[in-house]
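A.B. asks: kindly generate the corresponding structure for this input.
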Amino acid sequence: MLNPIPISMPPGIVATPTKQSKSLNWRDGHLVRWLNGRMVPIGGWGKLPYSAFASPLRAIHRWTVNSGQTMIAYLCEGHVYVDQGDGSLTDISPTTPLVQPATTVAGGYGDFTYSYGTYGTPRPDRSELRKVTYGYYADNWGQNLLVMTGADGRLLMWDPSSIPGTKIDAVANAPLGNRCFVVTPQRYVMVFGYSNNMNGYAWCDQENITDWNFASLTSKAGFNSVQPASPVIAAHLSGNDIIFFTELGHAYYLEYLGVPYIFGGDRFSEGVAPISPMSIIDTPQGAVWVAEGGFWTYQSRQALPVACDLWDMMKVELNISLSSYFASMMLNPSFSEIWWFYSSTGTSFGVNDRVLIYNYKERWWTRAYISRLGGIKGTYTGAPLMTDGANVFQHENGTYYDESVSLPWAASFPFNSNDGSILSTFARMLPDIDGPRTNINIAADYNMHRAGLNGDIHFQGDDQPIDTQGYAYFYLTGRDFRFTVKQVVNGSDPWSMGNSEILLIPRGVQ
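C.D. replies: Numbering: from 1, shown residues only. Purely as a prediction, here's the structure:
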């Protein structure tokens, strides 16, 4: 008598040199995560009914003003909007418009081979072309909103208690030509690349955002620079420290020292600069960012590598040129997750079409095939917000996915009998599904032979429903098999999947 084979698959998706490699793990997936060891769909989302943004939306900031009202700021490439709690957008864009970034990453003279293209015309985009790109930053100074874009360089501030119709404006006396800013826990605002000083940083007087008098003996405002001189790429808080990175790949930390030095620090690593200015986020375990060589975290004033089970898969599909412009990162603390949005090969300018998700508490990885340019974490009372550049979506909100995206699914690595040396029949599967089984289908793929086919799976069976006894039946014969769990109903009641059993019958056995 043949006994079913138990399949116990640990949380997370992993990548191996080939997806054909035999492994009791999930090899790919979309919109799934793991809770208490069981796979569940990531929460759905709905689109907020805002009017159209006049330029691509790149950053979102949520804060509470003195009256207790929660407000949401939307920083676009050329505009600034605020939702003051009534569900509508108020345009507070500065009277002197924001300088917008270039809308092309085309190469220049010297790109491609001699005589390529027509004289006087731009060269085509090259996937290996890298630039120091611009970031988009929003924070609050007390109840006042602060924003900055790297392309514009001004530190802009808006007072929510000001007369209706008041526009956001440059902070008086603050340096111009900046790349990014950070609000420190000690109530300083620090700007980087200030006054077009590419390797410099400066800060205002404590509690006085309009005092940038570096020569004053009574002001704590100051400035410094790093050597070797190199443009600042990104800066971010990590706990009480400020960390920033330069084009040479150097990483520096700054700490608050008090009078007379105010801030000081040192280099803590090299070759770990983020892929893009927005590809860094602070977490309860320290800042995490994505460099060209993988994921890193800042702990004990060191850059420590974060093992990524999907890095081999991701780096093949990563469009490094577009991602250096548009990749961004957000925190999803309700599920102890980091979401990294990036561009894959074959996508278009201004589109991130992939999400890599890391659970920093349990250390597993998953992914999603959706388009997002950025987002902001949820609060005690508010859901996470994400944007594709044109719309804002309220995530982790029910089970309905308000876009033309595929529903959640997860695919296994191949399995076989006797390492595939004999043919077998994949008869049935008993998945441990908790929830509405009628909303879940199981698909199976199989190979009849391997010679000359590079080990790929070549035959796909039909999706099979789960019957009233909990079984999915296939009766497929081949050497290697794999299965895919698919949610087939949008808005399905919650479901989860644990361990499963499969019945694999070697040919010739009755």
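A.B. asks: which other helices and strands contact the helix-or-strand element of the chain with minimal mean pLDDT?
C.D. replies: The weakest-scoring helix or strand in the chain, judged by mean pLDDT, DSSP states H and E, is strand 459-460 (a mean of 78). Counting contacts by 3 or more Cβ pairs under 8 Å, 6 or more residues apart in numbering; DSSP states H and E, strand 459-460 packs against strand 440-447. Heads up, the C-betas are built off the backbone N, CA and C, glycines and all.
A.B. asks: thinking again about what came up before, next secondary structure after the least confident helix or strand of the chain?
C.D. replies: Downstream of strand 459-460, the next assigned helix or strand under DSSP states H and E is strand 464-465.
A.B. asks: contacts for stretch 429-442 next, please.
C.D. replies: With contacts defined as Cβ atoms under 8 Å, 6 or more residues apart in numbering, stretch 429-442 is touched by 4, 38, 444, 463-466, 470-472, 474, 483-489, 492-503.
A.B. asks: if we can go back for a sec, tell me the strands beside the least confident helix or strand of the chain, with direction?
C.D. replies: Here strand 459-460 has these sheet partners by DSSP bridges: strand 440-447 (antiparallel).
A.B. asks: ok, residues contacting the least confident helix or strand of the chain?
C.D. replies: By Cβ under 8 Å, 6+ apart, the residues outside strand 459-460 that reach it are 443, 445-448, 476, 478.
A.B. asks: how distant is it from the center of its chain?
C.D. replies: 33 Å (Cα atoms, centre = their mean, to the nearest Å).
A.B. asks: before we move on, what about stretch 320-328?
C.D. replies: Remark: stretch 320-328 is offset 11 Å from the chain centroid, using Cα atoms, centre = their mean.
A.B. asks: ok, for Val351, nearest residue in space, not its chain neighbours?
C.D. replies: Ser371 (5.8 Å; Cβ to Cβ, 6 or more residues apart in numbering).
A.B. asks: you'd agree that neighbour is in a strand?
C.D. replies: No. The assignment for Ser371, made by DSSP: H, G, I helix; E, B strand; the rest coil, is coil rather than a strand.
A.B. asks: show me what contacts it?
C.D. replies: For Ser371, the contact set (Cβ under 8 Å, 6+ apart) comprises 351-353, 388.
A.B. asks: can you do 10 Å?
C.D. replies: 341, 343, 347, 350-355, 386-391, 403, 405 (Cβ atoms under 10 Å, 6 or more residues apart in numbering).
A.B. asks: list only buried entries from those.
C.D. replies: 341, 343, 347, 350-355, 386-389, 391 (16 or more other Cβ atoms under 10 Å).
A.B. asks: please flag which of the residues you listed sit within strands.
C.D. replies: Using DSSP state E, the subset of those located in strands is 341, 354-355, 386-387.
A.B. asks: so which of those residues comes closest to Ile42?
C.D. replies: Closest to Ile42 out of those is Val355 (9.6 Å), distances taken as Cβ to Cβ.
A.B. asks: distance of the closest one from Asn319?
C.D. replies: Distance, Val355 to Asn319, using Cβ to Cβ, to the nearest Å: 14 Å.
A.B. asks: Gly378 too?
C.D. replies: Using Cβ to Cβ, Gly378 is found at 29 Å from Asn319.
A.B. asks: so these two - more neighbours on which side?
C.D. replies: Asn319 (24 against 20; other Cβ atoms under 10 Å).
A.B. asks: which residues does the residue nearest to the more buried one when sequence neighbours are not counted contact?
C.D. replies: The shortest distance from Asn319 to any non-neighbouring residue, by Cβ to Cβ, 6+ apart, is to Ser343 (4.4 Å). Neighbouring residues of Ser343 by Cβ under 10 Å, 6+ apart: 276, 317-327, 349-354, 371, 373.
A.B. asks: give me that answer again for 8 Å
C.D. replies: Listed by Cβ under 8 Å, 6+ apart, the contact set of Ser343 reads 318-319, 322-323, 326-327, 351-354.
A.B. asks: was I right to think Thr149 contacts Leu155?
C.D. replies: No. Counting by Cβ atoms under 8 Å, Thr149 stays clear of Leu155, with 10.6 Å between them.
A.B. asks: more neighbours: which of the two?
C.D. replies: Remark: of Thr149 and Leu155, Thr149 carries more neighbours, 27 against 23, as counted by other Cβ under 10 Å.
A.B. asks: residues contacting the residue most central in space within the chain?
C.D. replies: Centroid-nearest residue in the chain, with Cα atoms, centre = their mean: Trp340, separated by 1.5 Å. Going by Cβ under 8 Å, 6+ apart, Trp340 touches 279, 290, 327-329, 355-358.
A.B. asks: among those, who's most crowded?
C.D. replies: Most crowded among these, counting by other Cβ under 10 Å, is Val290 at 29 neighbours.
A.B. asks: shouldn't it be within a strand?
C.D. replies: Yes. Counting by three-state DSSP, Val290 is part of a strand.
A.B. asks: touching, it and Met329? I think so.
C.D. replies: Yes. Look at Val290 against Met329 with Cβ under 8 Å: they come within range, at 7.1 Å.
A.B. asks: overlap in contacts, those two.
C.D. replies: Joint contacts of Val290 and Met329 (Cβ under 8 Å, 6+ apart) are 279-280, 340.
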